[in-house]
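Trainee: fold the following and give me the result.
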Amino acid sequence: MRQGVTPRFVLQHVAVGAALATLLCGAILWADPIGLGSLLTHSPDHPGPLLLLWFFCALTLGAVQLAVAIMLHFEGARR
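Mentor: You can find the predicted model right below:
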């Protein structure tokens, strides 16, 4: 029997989204598309823009991961 959505369930899936955001930001820095990685690392406010990029990517990907997990969790519940 499946339980409802618990705080542990939510935190696990939001953490997965944050990890994916970390990978995305790392890929942006590594691949340096159109000079974006070098722009972020050579900025006078160096950690600020990179942290903002990571935060908003983590917010978006965490929400998407949680939404997909909830939809899959309750997929077979209706009968």
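Trainee: which other helices and strands contact the longest helix along the chain?
Mentor: The longest helix of the chain (DSSP state H) is helix 47-73. Secondary-structure packing of helix 47-73 (3 or more Cβ pairs under 8 Å, 6 or more residues apart in numbering; DSSP states H and E): helix 7-31, helix 36-41. From N, CA and C alone the C-beta is placed, and that goes for glycine too.
Trainee: among those helices, where is the model least confident on average?
Mentor: If the helices and strands packed on helix 47-73 are sorted by mean pLDDT, helix 36-41 sits at the bottom with a mean of 92.
Trainee: pull the CA atoms of it into CSV?
Mentor: C-alpha atoms of helix 36-41 as CSV (Å, rounded to 0.1, in the frame of the first residue of the first chain):
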residue,chain,number,x,y,z
LEU,A,36,29.1,31.9,-21.0
GLY,A,37,31.3,29.9,-18.7
SER,A,38,34.2,32.3,-19.0
LEU,A,39,31.8,35.2,-18.5
LEU,A,40,30.6,33.6,-15.2
THR,A,41,34.1,32.8,-13.9
